[in-house]
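>>> Any chance you can model this:
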Amino acid sequence: MAIGVGWTSRLLVGCAEHLHSAGVGVWRTSGIYTAGETAIVIRAIPPSPDQLITLASYPVASAPGLADVTEGLQIRVRGTKDPRVASDIGDAIFDLLDSAEGLRWGGIPIVQVWRQSYAPLGTDSSGRWEISHNYYVEAMRPTPNRTD
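Modelled structure (predicted):
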């Protein structure tokens, strides 16, 4: 299997593209960003730029034989030394994603998305404020064994 074609990869990249197209952050497959941008990355937490959105997923629930799954989506936000920056990025993500329905990320039908929890993480070693948001994504994940 080629890199990036798996269900989880398509889900995360699709979410990154959705955030990018709404102007919440900047997604580039090259991973190269300028100092003033809010970068969107998958799983990594690079030292720059200051403003960062990191996407990671984790399984939450599925029913045997059904294609319906609930996938956790951790969205870690890093701002600047001003705590309002991380909060503002998180608010923009919430406004875009919470209670969204009928989306398609990376070709995956998304039934609905909602924020399950969030927690302030304090500051990193450079004094930049961070917040972790956990969203639940109800999506379709058909396989040869999950066809409904």
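>>> tell me the contacts of the residue positioned nearest the centre of the chain?
The residue lying closest to the centre of the chain (C-alpha atoms, centre = their mean) is residue 55, at 3.8 Å. By C-beta atoms under 8 Å, 6 or more residues apart in numbering, residue 55 lies in contact with 12, 15, 16, 40, 41, 42, 43, 73, 74, 75. C-beta: built from backbone N, CA, C; applies to glycine.
>>> Now name the helix or strand holding the closest residue in space to residue 141 that isn't next to it in sequence.
Residue nearest to residue 141 in three dimensions, not counting chain neighbours: residue 69, with 4.6 Å by C-beta to C-beta, 6 or more residues apart in numbering. Assigned by DSSP states H and E, residue 69 belongs to strand 68-78.
>>> Could you list the low-pLDDT ranges of this structure?
148 (pLDDT under 70).
>>> residue ranges of the helices in it, please?
Here the chain has its helices, by DSSP state H, at 7-21, 83-97.
>>> I'd like those as JSON lines, with mean neighbour count and distance to residue 124 appended.
JSON lines is the format used below for the helices of the chain (neighbours: other C-beta atoms under 10 Å; distance: least, C-beta to C-beta, whole Å):
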{"stretch": "helix 7-21", "mean neighbour count": "19", "distance to residue 124": "21"}
{"stretch": "helix 83-97", "mean neighbour count": "18", "distance to residue 124": "11"}
